[in-house]
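Peer 1: predicted model and sequence below, questions to follow.
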Amino acid sequence: MTSTRNEPEVSPETVAPEPAQAAERKLRMRRRLERLIGIAATEGNALLPLRNGDEIFAAMLHSIRSAEHTVDMMTFVYWRGDIAREFAEALADRARNGVRVRLLLDGFGSRLIEQDLLDLMDRAGAEVAWFRKPLYLSPLKQNHRCHRKVLVVDEAVAYTGGVGIAEEWCGNARNENEWRDTHVQVRGPAVDGIAAAFAQNWAECHDTLFDARDRFTGHTTQGDAVVQVVRGSASFGWQDMQTLIRVMLESAQERFRLATAYFAPDAYFSDLLCAAARRGVQVEILLPGPHTDKRVCQLAGQNHYEDLLRCGVRIFQYQPTMLHTKVITVDQVAGLIGSSNFNRRSLDHDEEIMLAVLDEDFTATLDRHFDEDLQASERIEKGRWKRRSAAQRLRELAVAPIRRFL
Ligand SMILES: O=P(O)(O)OC[C@H](O)CO
């Protein structure tokens, strides 16, 4: 698709909020989220944003290799490659040394895992469970996958974000074989919420929810960040992940930034983006470009471009490789990170986890990453997009019947 321009992109200048203004913004968002989702945010958290496989996998593997009591990990994708073997070997090693290791794999997303890795972990005493293996399920349940990505070690350090365990996520987004993604390491009371997301899905797949190796240790203050852990669960009605996104969109006063791997919202969420832009919020959306791994999702999202551009939403497509992040920032004070994409699958169908982090430093780091990614992106221009080819329009229309499943 050619509706782009070539010079590097920059966002309009923003001025950092004064401390009092930042505090007011954070409190307003916190109280809205707490009362509308019903989960208290916790104080005293330390968060470390991790960018791309080089940082993410190194930190996760270091934590696993240092585990003394428990390792709980769940993932949607567990595919192949050296990194898949490295994780299996690290988990097996800990299990052999008496650490309680539990690994929850989504029955669809992780179907490509190699059998010898499963055997290796099994022999070592690691417990591997499958979330809703398609073979044994009703068609209705099969549509609801476990899309959460969680690692919790010794009840003290946790990770969530976008990565799956596969070669695609290795490296540093230097070329199309190294996907761009962001994860976060968490220490402090918010670890409990992340652990609970694991426990909720594990309980469905295994008889034992906890055992003597769970020490239920308390948390001490690790940093300054206020964090609310939000779990999305498959639902026929309105659910918390939708409330989270809606509250953030409706609370934004100055800037709402979204970087997502799969952008295919329903009309309601597309309209919310438009409404924010119309009331003067600078809305920026960063999406995969030529290296998208799911063209069908891209087409479903592109169907919204014309309306969004008309409302003043700025849309960018990332050029170097597949962009797989799931990150939102709001008004320089709030950052959302976790497993949820901006599509029907994440907002309606799947088990998800997102952290709402109310912290200027954390948000500034995510915004800096966003700015750097814009430098490698091309902006979709309204006029040129409107003149896109008939074939492109036809392709957008062709995916309409399956949009609700994307
Ligand atoms: O669903 P995501 O966002 O975890 O991405 C995994 C995809 O299935 C990769 O093709």
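Peer 2: Received it, and whenever you're ready, just let me know what you need. Residues are numbered from 1 along each chain as shown.
Peer 1: where do the strands of the stretch 301-406 of the chain begin and end?
Peer 2: Taking DSSP state E, counting those that start in this stretch to define them, one finds strands in the stretch 301-406 of the chain at 314-318, 326-330, 334-338, 342-343, 352-358, 377-379.
Peer 1: can you redo those as JSON lines with mean pLDDT, distance to the ligand and mean neighbour count?
Peer 2: Where you see a C-beta, it was placed from the backbone N, CA and C, and this is true even at glycine. What follows is the strands of the stretch 301-406 of the chain, written out as JSON lines (pLDDT from 0 to 100; distance: least, CB to the nearest ligand atom, whole Å; neighbours: other CB atoms under 10 Å):
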{"stretch": "strand 314-318", "mean pLDDT": "98", "distance to the ligand": "15", "mean neighbour count": "23"}
{"stretch": "strand 326-330", "mean pLDDT": "98", "distance to the ligand": "7", "mean neighbour count": "26"}
{"stretch": "strand 334-338", "mean pLDDT": "98", "distance to the ligand": "11", "mean neighbour count": "27"}
{"stretch": "strand 342-343", "mean pLDDT": "96", "distance to the ligand": "9", "mean neighbour count": "24"}
{"stretch": "strand 352-358", "mean pLDDT": "98", "distance to the ligand": "10", "mean neighbour count": "27"}
{"stretch": "strand 377-379", "mean pLDDT": "98", "distance to the ligand": "19", "mean neighbour count": "21"}
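Peer 1: give the buried residues for stretch 138-145.
Peer 2: Neighbour counts over stretch 138-145 (16 or more other CB atoms under 10 Å) mark Asn143, His144, Arg145 as buried.
Peer 1: quick one: the second one is in a strand?
Peer 2: It refers to His144. No: His144 is assigned coil when assessed by DSSP: H, G, I helix; E, B strand; the rest coil, not a strand.
Peer 1: quick one: the helices in this structure, in order.
Peer 2: 19-37, 52-65, 82-96, 115-124, 139-142, 190-205, 240-251, 267-278, 295-311, 344, 360-375, 382-386, 390-398 (DSSP state H).
Peer 1: for Gly44, which of the ones you listed is the nearest?
Peer 2: Nearest to Gly44, of all the helices of the chain, is helix 190-205, at 8.8 Å by CB to CB.
Peer 1: quick one, that closest one and strand 334-338 angle?
Peer 2: Counting by axes from the mean of the first three to the mean of the last three CA atoms, to 10 degrees, helix 190-205 lies at 30 degrees to strand 334-338.
Peer 1: what residues of helix 190-205 count as buried?
Peer 2: By 16+ other CB under 10 Å, the buried positions in helix 190-205 come out as 190-195, 197-202, 205.
Peer 1: ok, now stretch 59-66?
Peer 2: For stretch 59-66, the neighbour count (16+ other CB under 10 Å) marks Ala59, Met60, Leu61, Ser63, Ile64 as buried.
Peer 1: alpha carbons only: can I get it in PDB?
Peer 2: Coordinates of each C-alpha in stretch 59-66 appear next as PDB, following Å, rounded to 0.1, in the frame of the first residue of the first chain:
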ATOM      1  CA  ALA A  59      15.800 -10.900  31.600                       C
ATOM      2  CA  MET A  60      13.200 -13.700  31.600                       C
ATOM      3  CA  LEU A  61      15.800 -16.400  31.300                       C
ATOM      4  CA  HIS A  62      17.900 -14.800  34.100                       C
ATOM      5  CA  SER A  63      14.900 -14.800  36.400                       C
ATOM      6  CA  ILE A  64      14.000 -18.400  35.600                       C
ATOM      7  CA  ARG A  65      17.600 -19.500  36.100                       C
ATOM      8  CA  SER A  66      17.700 -17.700  39.500                       C
END
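Peer 1: what does the stretch 301-406 of the chain put close to the ligand?
Peer 2: Proximity of the stretch 301-406 of the chain to the ligand is confined to Asn341 under the rule CB under 6 Å from any ligand atom.
Peer 1: of the buried residues of helix 190-205, list those near the ligand.
Peer 2: Applying CB under 6 Å from any ligand atom to these, none is adjacent to the ligand.
Peer 1: please name the bridge partners of Ala225.
Peer 2: Going by DSSP bridges, Ala225 is paired in beta bridges with Asn45.
Peer 1: going forward, the N-terminal residue is numbered 672.
Peer 2: OK, 672 is where the count begins now, so the last one is Ala896.
Peer 1: so what's it up against?
Peer 2: Ala896 makes contact with Glu714, Asn716, Ala717, Leu718, Gly859, Ala861, Val1028, Leu1029, Asp1030, Phe1033 under the criterion CB atoms under 8 Å, 6 or more residues apart in numbering.
Peer 1: looking at the helices of the chain, which has the lowest confidence?
Peer 2: Among the helices of the chain, helix 810-813 carries the lowest mean pLDDT, a mean of 77.
Peer 1: can you list contacts of that one?
Peer 2: Helix 810-813 has contacts (CB under 8 Å, 6+ apart) with Phe779, Arg803, Pro805.
Peer 1: for the last one, give its distance to Gly780.
Peer 2: Right, Pro805. Distance, Pro805 to Gly780, using CB to CB, to the nearest Å: 11 Å.
Peer 1: more neighbours, these two?
Peer 2: Gly780 (20 against 13; other CB atoms under 10 Å).
Peer 1: enumerate every residue touching the more buried one.
Peer 2: So Gly780 contacts Thr746, Phe747, Val748, Tyr749, Arg816, Cys817, His818, Gly835 (CB under 8 Å, 6+ apart).
Peer 1: before we move on, what about Arg851?
Peer 2: By CB under 8 Å, 6+ apart, the contact set of Arg851 is Asn723, Ala844, Tyr989, Pro991, Thr992, Met993, Leu994, His995, Thr996, Asp1044.
Peer 1: check Trp850 too.
Peer 2: With CB under 8 Å, 6+ apart, Trp850 has these contacts: Asn723, Gly724, Glu839, Trp840, Ala844, Thr992, Met993, Leu994, His995.
Peer 1: quick check: residues of this structure near the ligand?
Peer 2: Phe747, Val748, His818, Gly835, Ala932, Tyr933, Asp964, Asn1012.
Peer 1: quick check, the third one in contact with Asn1014.
Peer 2: I take that to be His818. No: assessed by CB atoms under 8 Å, His818 is found out of contact with Asn1014, at 10.6 Å.
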